[in-house]
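[1] Have a look; sequence and predicted model below, questions after that.
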Amino acid sequence: MKFEKYKLKNISGGNDKLLPVDESRFTIDYKNVLNPAQYDAVSATEGAYLIIAGAGTGKTRTLVYRVARLIESGYDPSSILLLTFTRKAAREMMNRASVLLDARCSKISGGTFHSFANITLRKYANHINLNPSFTILDQGDSEDVMNLLRSQSGLISKDKRFPNKSTLLRIYSLSINTGRTFEDVLLSEFPHFYGYMSEIGQIFNIYINYKQRNNLLDYDDLLLHLLKFLTDLSPAAKNFLKGIKFVMVDEYQDTNKLQGEVTQALTLLTKNIMVVGDDAQSIYSFRGANFKNIMDFPNLFEDVKIIKLEENYRSTPYILDFANKIHEAAVEKFNKNLFTYRSGGELPAIVAALNDNLQSKFIVDQVLELREQGVPLKEIAVLFRSSFFSFDLEIELNKANIPFVKFGGMKFVETAHIKDAIAFLRIALNPKDMVSWYRVLLLHEGIGPKSAQRIMDLITEGKVIPAQDPESNKIVKGYDKVYGLFDLLFRLSKKSLTPTDMAQMAIDYYMPLFHNKYDDFNKRKKDLEIFLNITENYHDLETLLADMAIEPPIDSVIDIGDEDKQDEFLTLSTIHSAKGLEWHSVFIIHAIDGFFPFSKAFDSLDNLEEERRLMYVAVTRAKQNLFISYPMNIYDREAGTTFSKPSRFLNNITSSQARGLLLEE
């Protein structure tokens with residue numbers, strides 16, 4: 001028998017094209033379970049797509065349904081790559097897709113940028129001269145290595161302060177992720193260390209060499225090596241890239257320059273890319289996120305199709321009108337208009353309070369009223385630009401016995417520099433408070449644990465009396481390192497002083513110690529001013545310190561052991577920590593120009609625009625009720641009480657978008 005050669009033809013066009021799909025054979029009725037814009041995004045296949053997903057418009061739902069539809073269309077699940085910012089988000093999407101369709105959805109490639117890089121580099125390490133058994137340094141490990149090299153370098157003078165390990169790593173990492181030189185990062189973020197530019201550069205070189213010698217990769221190295229592997233386009237890289245048919249990136253507005261370059265590199269061969277995000281919610285530049293990534297996306301790929309998700313499923317129409325008005329004034333944006341088919345609700349309220357304390361009391365009253373109306377505490381949130389804005393409110397919540405949890409920043413009593421300042425006042429009130437003594441003594445250069453213990457022993461034995469004039473005490477007089485401290489305590493013992501007078505004296509003494517202890521003292525300094533403002537509400541030191549010492553409510557609730565009640569907490573949160581969340585009722589506090597937006601943003605249009613986006617994020621967290629408040633009078637340690645100016649982001653809000661409330665005593 002004679003055989004003729006016969007060449008098989010792939011009628012589907014190989015892995016590049018599939019025949020048109022008969023939607024009637026799908027398990028899921030995509031057209032009827034999705035709104036038109038969601039359906040357009042879900043049914044998109046080949047090409048480049050930018051999905052502008054407004055707040056509350058079903059972004060996650062859209063991604064999940066797209067994964068399911070691609071698989072129902074016949075694409076290999078392993079050829080679909082979904083990159084997210086948290087492992088939790090990746091798992092949630094894959095689990096939801098599996099429940100929606102079937103177990104095939106769990107076989108897609110999904111994870112964070114870093115986890116994906118780790119898996120890929122382990123497999124292809126030999127192709128980029130990398131030992132596949134490399135060890136990954138987490139942030140703590142990286143800081144410890146940086147600290148070790150910092151100490152061993154011989155570059156540090158004990159006479160002058162040098163950046164600590166966390167500061168060094170932050171400078172290094174920001175430089176890598178933003179594509180800026182470390183000199184530029186140093187000048188913009190930590191200008192007080194600019195004189196150490198040469199030494200810092202040498203330590204960074206030592207750090208890089210140390211990692212290479214010891215087969216160590218930090219988080220940034222994972223992405224750098226992945227980018228190198230992809231862009232070199234070796235035969236191995238080409239084979240790898242051919243296996244990725246579709247790339248999807250969630251929260252694209254939060255990607256940094258390096259992650260944006262990795263995203264581009266992943267599509268060098270197939271060109272099928274869909275990124276999902278919201279330019280109006282790009283608020284993480286301090287972490288290195290690059291707003292330009294999402295804005296420039298249409299210019300980086302050919303024939304980009306932009307699909308806007310604008311139907312909101314979260315908020316009332318009044319809240320959406322308010323949010324749209326804020327976004328409308330943005331200088332650079334994708335135009336969109338959030339809308340809903342919901343009805344009802346009330347106009348958002350802009351609340352002007354006479355002072356900070358009245359603002360806090362108003363919120364307490366409203367929270368209690370909402371609670372009486374049946375709104376659970378867990379459905380209420382107070383949001384703020386910076387964590388120290390809530391300090392006065394925390395005190396009032398404790399007085400009213402309203403339990404709360406705080407996210408982003410620390411609770412007032414947990415902030416290290418505030419604990420330092422309070423410790424001076426605790427000693428003045430109670431000289432036997434040895435915990436506060438130990439904290440205060442260790443702030444002083446040259447006083448270690450042993451020296452501190454000797455001084456505390458003298459106080460306990462009555463050989464040193466803190467409130468006594470140090471000139472009359474021979475032991476203190478000869479101890480130059482703490483003479484100033486005992487002089488302060490002697491002056492604080494005068495009965496005519498108000499709590500504010502005492503706090504001001506303590507902070508004045510503390511300021512040089514504060515500068516010496518914290519590299520980021522200019523960022524922390526505002527907290528001390530806020531603390532002084534709080535002291536204005538008190539007539540005696542004992543009441544002030546008693547309120548400061550109240551234990552967080554969560555402790556007492558856990559002691560009760562009622563698990564159901566553990567959910568009953570009001571949420572206090574920075575806006576950055578609130579992104580992606582939602583509540584029935586939302587309070588946004590301290591909406592004052594110079595505070596929100598921060599005064600430091602005034603000299604840069606980019607920074608000011610990010611502050612606007614931060615307000616937009618805060619507003620769109622509310623489902624039913626929205627209150628934006630500000631104190632009309634604010635306390636400044638130098639100028640005293642001054643008039644405030646409402647946030648400029650409220651300037652264009654009219655009576656059709658908000659109602660005004662005025663609070664006076």
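    Structure's in. What do you need?

[2] For residue 370, give me its contacts.
    380, 584-585, 625 (C-beta atoms under 8 Å, 6 or more residues apart in numbering). Just so you know, the C-beta spots here come from the backbone N, C-alpha and C atoms, and that holds for glycine as well.

[3] Just the buried residues of these.
    Using 16 or more other C-beta atoms under 10 Å as the burial test, the contacts of residue 370 include 380, 585, 625 as buried.

[4] Dump these to a markdown table, plus distance to residue 342 and secondary structure.
    Output for these, formatted as a markdown table (distance: C-beta to C-beta, whole Å; DSSP: H, G, I helix; E, B strand; the rest coil):
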| residue | distance to residue 342 | secondary structure |
| --- | --- | --- |
| 380 | 20 | strand |
| 585 | 16 | strand |
| 625 | 14 | strand |
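
[5] which residues of the stretch 551-665 of the chain score low on pLDDT?
    Scanning the stretch 551-665 of the chain for pLDDT under 70 picks out 551-567, 635-640, 665.

[6] Show me which residues of stretch 459-470 are buried.
    Buried residues in stretch 459-470 (16+ other C-beta under 10 Å): 459, 464-466, 470.

[7] Quote the end-to-end distance of it.
    By C-alpha to C-alpha, to the nearest Å, the extent of stretch 459-470 from end to end equals 13 Å.

[8] Same check on stretch 649-663?
    21 Å.

[9] Likewise for stretch 384-394?
    13 Å.

[10] Quick one: the strands in the stretch 301-450 of the chain, in order.
    Secondary structure of the stretch 301-450 of the chain (DSSP state E, counting those that start in this stretch): strands located at 305-309, 349-353, 380-384, 404-407.

[11] Look at residue 626 and say how many residues are nearby.
    28 (other C-beta atoms under 10 Å).

[12] Can you verify my assumption that it contacts residue 348?
    Yes: proximity of residue 626 to residue 348 meets the contact threshold set by C-beta atoms under 8 Å, at 3.9 Å.

[13] Mutual contacts of those two, please.
    Common contacts of residue 626 and residue 348 (C-beta under 8 Å, 6+ apart): 319, 322, 619.

[14] contacting residues around residue 658?
    Here residue 658 is in contact with 322, 347-350, 628, 650 (criterion: C-beta under 8 Å, 6+ apart).

[15] Adding distance to residue 191 and neighbour count, write the residues you listed out as CSV.
    Formatted as CSV, the contacts of residue 658 follow (distance: C-beta to C-beta, whole Å; neighbours: other C-beta atoms under 10 Å):
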residue, distance to residue 191, neighbour count
322, 38, 25
347, 44, 17
348, 39, 24
349, 41, 16
350, 37, 23
628, 34, 27
650, 32, 18
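
[16] which among the shared contacts of residue 626 and residue 348 gets closest to residue 503?
    residue 619 (34.9 Å; C-beta to C-beta).

[17] which ones among the buried residues of stretch 459-470 are found in helices?
    residue 459 (DSSP state H).

[18] about what we covered before: residue 173: which of the strands of the stretch 301-450 of the chain is closest?
    Comparing the strands of the stretch 301-450 of the chain by C-beta to C-beta, strand 404-407 comes nearest, at 23.0 Å.

[19] just checking, what packs against that closest one?
    helix 391-399, strand 570-574 (3 or more C-beta pairs under 8 Å, 6 or more residues apart in numbering; DSSP states H and E).

[20] would TSV of the ones you listed with distance to residue 183 be doable?
    Below are these laid out as TSV (distance: least, C-beta to C-beta, whole Å):
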stretch	distance to residue 183
helix 391-399	36
strand 570-574	30
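
[21] How far does stretch 400-420 sit from its chain's centre?
    17 Å (C-alpha atoms, centre = their mean, to the nearest Å).

[22] End to end on that stretch, go ahead and measure it.
    End-to-end distance of stretch 400-420 (C-alpha to C-alpha): 27 Å.

[23] Buried ones in stretch 270-281, by neighbour count?
    Quick answer for stretch 270-281 (16+ other C-beta under 10 Å): 270, 272-281.

[24] how about JSON lines for these, with secondary structure, distance to residue 105 and pLDDT added?
    Below are the buried residues of stretch 270-281 laid out as JSON lines (DSSP: H, G, I helix; E, B strand; the rest coil; distance: C-beta to C-beta, whole Å; pLDDT from 0 to 100):
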{"residue": "270", "secondary structure": "coil", "distance to residue 105": "20", "pLDDT": "88"}
{"residue": "272", "secondary structure": "coil", "distance to residue 105": "18", "pLDDT": "94"}
{"residue": "273", "secondary structure": "strand", "distance to residue 105": "20", "pLDDT": "95"}
{"residue": "274", "secondary structure": "strand", "distance to residue 105": "16", "pLDDT": "96"}
{"residue": "275", "secondary structure": "strand", "distance to residue 105": "20", "pLDDT": "95"}
{"residue": "276", "secondary structure": "strand", "distance to residue 105": "17", "pLDDT": "95"}
{"residue": "277", "secondary structure": "strand", "distance to residue 105": "22", "pLDDT": "94"}
{"residue": "278", "secondary structure": "coil", "distance to residue 105": "25", "pLDDT": "95"}
{"residue": "279", "secondary structure": "helix", "distance to residue 105": "29", "pLDDT": "94"}
{"residue": "280", "secondary structure": "helix", "distance to residue 105": "30", "pLDDT": "94"}
{"residue": "281", "secondary structure": "helix", "distance to residue 105": "27", "pLDDT": "93"}
